[in-house]
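K.L.:
Provide a 3D model corresponding to the input given below.
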Amino acid sequence: MAQPRRMVVLRAIVEDYIRSQEPIGSAALTKKHDLGVSSATIRNDMASLEEEGYLIQPHTSSGRIPTEKGYRYFVDRLSTVVPLSDAQRKGIAAFLSGSVSLQDTLQRAARLLSHITGQVAVVASPSPAKAKVLRVQIVPVSSTLLLIVVITDAGNVAQHTLALSPQPTDITLADVGSVVNGACLGLTFAQAAERVRSLKSSRRESVALLEGLAQVFEAMGDNERSSELYMAGASHLAHRRDIADMAPLFDALEEQIVLMKLMSALSEDTDAYGVGVAIGSETHTPELLHASVVTSGYGNSPASWTEPAESDAGHEGGGGSALGGAAHANTAQTGMAGEPRITDDADAEPGRMDDGDSVAMPSLDGGSGGSGESSGPVAFVGSIGPTHMDYAATIAAVRAVARYLTRAISSYDDGDGN
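P.N.:
Numbering: from 1, shown residues only. A predicted model of the protein is given here:
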C-alpha cells in the first residue's frame, strides 16, 4: 500500500537531515528529491507534519527537523538497509578472528563497531547466570577438597572449590560426574542446582556430594550475575557539532548499571531477528534524551535466524581501508514499507550477503516479540549516538557484529577458542 505523500516527504526530510544536520526547507527538498509536486505543496505537507508532531521548526526563518516521533516513524518503516561493504565484512572477520581469548574478542568488537559507526560502542560480556551448562568436571585437589569446573555455552569457565570430608571415592566421583553432566546439559546454573537436588532421592550414598554441587551451582550463578562492559568511541562525541546535547551522554556512560539494564532489556525486547532501537525518551534515561540506542543480543540465537539466499541487492563495492569509514560517510539508501525489512551483510562467511530478512524495530515501550523458541541472548552489543544517527548503517553494523560474536562464542563452545 502506497504511503501518503506527506509521509514520503517525512522520509526525505529525515534522510537529508541525517546527512546534513541542517534544517531542511521545501525548496532544497524539491531540488534533491523527485516528489512530483511543487515546492508550495511540499510546504503544506511539512506544515501538516509539524502539526502532527513529526517535525519542528527551530526558527521561524529556517526549515524543519525531525522530532523523536518522526525518527520513530522512519525507523519503524525502514524497508532496506545498505549492507556493509565487502571490505568492511572481510575486515570484521579478519579483525575478530585474530583474538586470543573471549575477552579479547569482546574488546576488539567494541573498537570495531565504534570504528564502523563513528559512535559509542558497548559490548557486554556473557553472564554465566544466563549461560547454559555444557560440561561439569569434578577434580580432587586434596583428601578433603574438590575443584568443580563448569564450562558454559557462553565460552566461560567457572571454578569453585567444595570441601567434603570424608571425600567420595574416585569411582563415586566419576559416577556422579557422569550423571550430573547428563542431567544438567543445557540448563542455567539455577536450573542445574534444582536438578542436582532432585537426584538426591535416588542416590542416597551421594547426598552430601550432590547437595554440595547444588550449592556450588547457586554460588556460581550469584557471583556472576553482572556482566562486564567493554566500551569504545566516547572520544567521537567530543568532535560533534551538537556536543552540548551529547554532553549528558558522558554521564550516562559512567552509569554502567543503568546502561546494562537498558541495553539488556532492549536486546531481549526484539523480534526474531534480534535488533532493537530506542530513541530519546524511549530509553527512560534523562541523560540519553538526545541520543538513540541500537542493540542486538548475541549468543543463543533464535532458531528462526535462517541463512538467506545470496544476493547482490544493495551491495556497495568495497573500497578504502579494510574496515571502511564511519557509517555517516556511507549514505543509507532506505525505503518505506508497511512491513519493515532490513537487508544486511551479517553472514559468517565473508563475501556472502543477507537479503530478505524481515526485521521489526521495537522500542522499549512496546516491541514485538519473536514467536520462535529461544533461550534468549547471553549478552548484547550496541551503538549509542545522536538521534540523527544513520540508523540504516548503524543497524546493519550492530547486527553484523552481533552475528560474528555469536559465531565466536560457538567456536569457544566447540573448543576452538583459547
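K.L.:
buried set for stretch 39-58?
P.N.:
41-43, 45-46, 49, 54-55 (16 or more other CB atoms under 10 Å). No exception for glycine: its C-beta is placed from N, CA and C like everyone else's.
K.L.:
which ones among these are found in strands?
P.N.:
Per DSSP state E, strands hold the following members of those: residue 55.
K.L.:
could the buried residues of stretch 39-58 go into a markdown table alongside distance to residue 131 and pLDDT?
P.N.:
Formatted as a markdown table, the buried residues of stretch 39-58 follow (distance: CB to CB, whole Å; pLDDT from 0 to 100):
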| residue | distance to residue 131 | pLDDT |
| --- | --- | --- |
| 41 | 57 | 92 |
| 42 | 54 | 92 |
| 43 | 56 | 91 |
| 45 | 51 | 93 |
| 46 | 51 | 93 |
| 49 | 47 | 94 |
| 54 | 43 | 96 |
| 55 | 46 | 96 |
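K.L.:
Just the ones of the buried residues of stretch 39-58 in helices?
P.N.:
41-43, 45-46, 49 (DSSP state H).
K.L.:
Please name the nearest non-neighbouring residue to residue 33.
P.N.:
Once flanking residues are discounted, residue 33 sits nearest to residue 12: 4.7 Å by CB to CB, 6 or more residues apart in numbering.
K.L.:
still on that earlier bit, closest one to residue 410 out of the buried residues of stretch 39-58, please.
P.N.:
Nearest to residue 410 among these, counting by CB to CB, is residue 54 at 42.4 Å.
K.L.:
So the closest one versus residue 4, what's the distance?
P.N.:
With distances taken as CB to CB, to the nearest Å, residue 54 is found 12 Å from residue 4.
K.L.:
cool, residue 290 as well?
P.N.:
Relative to residue 4, and taking CB to CB, residue 290 is found at 28 Å.
K.L.:
and these two? which has more neighbours close in?
P.N.:
residue 290 (18 against 11; other CB atoms under 10 Å).
K.L.:
Just give me the longest helix of the protein.
P.N.:
helix 391-413.
K.L.:
just checking, what packs against that helix?
P.N.:
Packing partners of helix 391-413 (3 or more CB pairs under 8 Å, 6 or more residues apart in numbering; DSSP states H and E): helix 68-76, helix 86-97, helix 102-117, strand 275-279, strand 291-298, strand 379-386.
K.L.:
pLDDT weak spots in the chain?
P.N.:
1-3, 79-83, 128, 155, 223-226, 238-246, 270-274, 300-376, 411-418 (pLDDT under 70).
K.L.:
Show the residue spans covered by the strands in it.
P.N.:
55-56, 65-66, 120-124, 133-140, 145-152, 157-163, 229-232, 275-279, 291-298, 379-386.
K.L.:
who does the last one pair up with?
P.N.:
It stands for strand 379-386. strand 120-124 (antiparallel), strand 291-298 (antiparallel) (DSSP bridges).
K.L.:
Touching the shortest one from outside, list them.
P.N.:
By that I understand strand 120-124. The contact list for strand 120-124, computed with CB atoms under 8 Å, 6 or more residues apart in numbering, reads 106-107, 109-114, 227-234, 236-237, 249, 253, 259-260, 263-264, 379-385, 405.
K.L.:
how about 7 Å then?
P.N.:
Residues from elsewhere that reach strand 120-124 (CB atoms under 7 Å, 6 or more residues apart in numbering): 106, 109-110, 113-114, 227, 229-234, 236-237, 253, 259-260, 263, 379-385.
K.L.:
Kindly supply the ChimeraX command isolating those of those residues that are buried.
P.N.:
For the buried members of those, the matching ChimeraX selection, counting by 16+ other CB under 10 Å, is:
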select :106,109,110,113,114,227,229,230,231,232,233,236,237,253,259,260,263,379,380,381,382,383,384,385
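K.L.:
quick one: the residue positioned nearest the centre of the chain and residue 188, what's the gap?
P.N.:
Centroid-nearest residue in the chain, with CA atoms, centre = their mean: residue 296, separated by 1.9 Å. In this structure, residue 296 and residue 188 are 21 Å apart, going by CB to CB.
K.L.:
cool, and residue 95?
P.N.:
Residue 95 sits 31 Å away from residue 188 when distances are taken as CB to CB.
K.L.:
Then residue 56?
P.N.:
Counting by CB to CB, the gap from residue 56 to residue 188 is 47 Å.
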